[in-house]
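> Build the 3D model from these lines:
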Amino acid sequence: MLELVKAGGWPMIPLLLLSVVALAIIVERFWSLRRKVVIPPTLGAEVRAWAGRGRLDPTHIDSLRRNSPLGALLAAALDVRHRPREEIRERVEDVGRHLVHKMERFLNTLGTIASAGPLLGLFGTVVGMIQMFLTIGDQGIGDVNELAGGIGKALVCTATGMIVAVPALCFHRYFRGRIATYIVDMEHEAFQLMDALDPRAAAQRVAAASAYADGTIDRGPSAAPAHANAD
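Below you'll find the predicted structure:
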């Protein structure tokens, strides 16, 4: 390994530093984005139970806000629970955007490493090739085996850049997908809480869904009998 680093020359130093930073970010994001940390399994049901019992004092809400990202989102909905539903929805969406920004911490850096790794590797290879051709210009081709070995050493940087970039890119996409899934689940929990705070709206939606399923509500032109247009 040390021989490869020496073969790549000084451009290997930033590549190795990037690999260390990428590894640190991947480990930190895996730890911070565990599901039980972001969305505690029973938190949504507990908060809805609080709402049902009327235990929505500021102390409970502040404790909920510090609990987890999901807790922060539910606390935001509870802060404006006496306002119209649309205002609560807007508050939830606004807080959700801030939570996405926090959960995506360091991901821009990881994406930059994924993009910069191959470029730095290519730069190291170009530097090595320039040095080799300058030597050839001064001393001639010499031994062909040594020339081949020099080209191989120059390509070490390109290979190292790809080795750094591919895992960084894969984990960057993975964490972005995980965060998107978390946001969808968190919004679902927030809307369930909104239904618990406004049981009349929830009852109306359930009744409408039942009526639609039973055929009581007109389903539109597509549901009209086939013989209606026979004339």
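
> Grab the nearest non-local neighbour of the spatially most central residue of the chain.
The residue lying closest to the centre of the chain (C-alpha atoms, centre = their mean) is Arg176, at 2.1 Å. Distance criterion C-beta to C-beta, 6 or more residues apart in numbering; nearest residue to Arg176, sequence neighbours excluded, is Leu107 at 6.6 Å. In this view, the C-beta of every residue, glycine as well, is placed from N, C-alpha and C.

> Ile179 too?
Excluding the flanking residues, the one nearest Ile179 by C-beta to C-beta, 6+ apart is Met103, at 4.9 Å.

> try Arg66
Closest to Arg66 by C-beta to C-beta, 6+ apart is Ala72, at 8.0 Å.

> which residues are contacting the helix or strand that the one you found is a member of?
Using DSSP states H and E, the element containing Ala72 is helix 69-79. Contact with helix 69-79 is made by 38-40, 43-44, 47, 51, 56, 61-62, 64-66, 88, 91-92, 94-96, 99, 102-103, 182, 186-187, 189-190, 193-194, 197, as judged by C-beta atoms under 8 Å, 6 or more residues apart in numbering.

> what's the helix or strand following that helix packed up against?
Next helix or strand after helix 69-79 toward the C-terminus (DSSP H and E): helix 85-103. For helix 85-103, the elements it packs on are helix 69-79, helix 156-197, judged by 3 or more C-beta pairs under 8 Å, 6 or more residues apart in numbering; DSSP states H and E.

> With distance to Ile130 as added columns, please give those helices in TSV.
Listed next are the helices and strands packed on helix 85-103 as TSV, based on distance: least, C-beta to C-beta, whole Å:
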stretch	distance to Ile130
helix 69-79	50
helix 156-197	12
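
> nearest to Arg29, of those?
With C-beta to C-beta as the criterion, Arg29 lies closest to helix 156-197 of the helices and strands packed on helix 85-103, at 5.3 Å.

> Next, find the distance separating Ala196 from Leu119.
Here Ala196 is placed at a distance of 52 Å from Leu119 (C-beta to C-beta, to the nearest Å).

> Show me which of those two is the more surrounded one.
Neighbours were counted for Ala196 and for Leu119 using other C-beta atoms under 10 Å; Ala196 has more, 18 against 11.

> Let me see the contact set for the residue nearest to Ile179.
Here Met103 is in contact with 32-33, 38, 69, 179, 182 (C-beta under 8 Å, 6+ apart).

> Of those residues - the most surrounded one?
Pro69 (24 neighbours).

> Give me the neighbour count for Ser68.
Neighbour tally, Ser68, other C-beta under 10 Å: 18.

> And it, its phi and psi?
phi -170, psi 170 (degrees, to the nearest 10).

> for stretch 69-85, which positions count as buried?
69-79, 81 (16 or more other C-beta atoms under 10 Å).

> which one of these sits closest to Val126?
For these, the nearest to Val126 is Pro69 (44.5 Å; C-beta to C-beta).

> what's the spacing between the residue nearest to the centre of the chain and Cys170?
11 Å.

> what's the burial count for Ile61?
20.

> now Leu122, nearest residue through space, not along the chain?
Closest to Leu122 by C-beta to C-beta, 6+ apart is Thr158, at 5.8 Å.

> and of the helices and strands packed on helix 85-103, who's closest to Leu18?
Taking C-beta to C-beta, helix 156-197 is the member of the helices and strands packed on helix 85-103 nearest to Leu18, at 5.5 Å.
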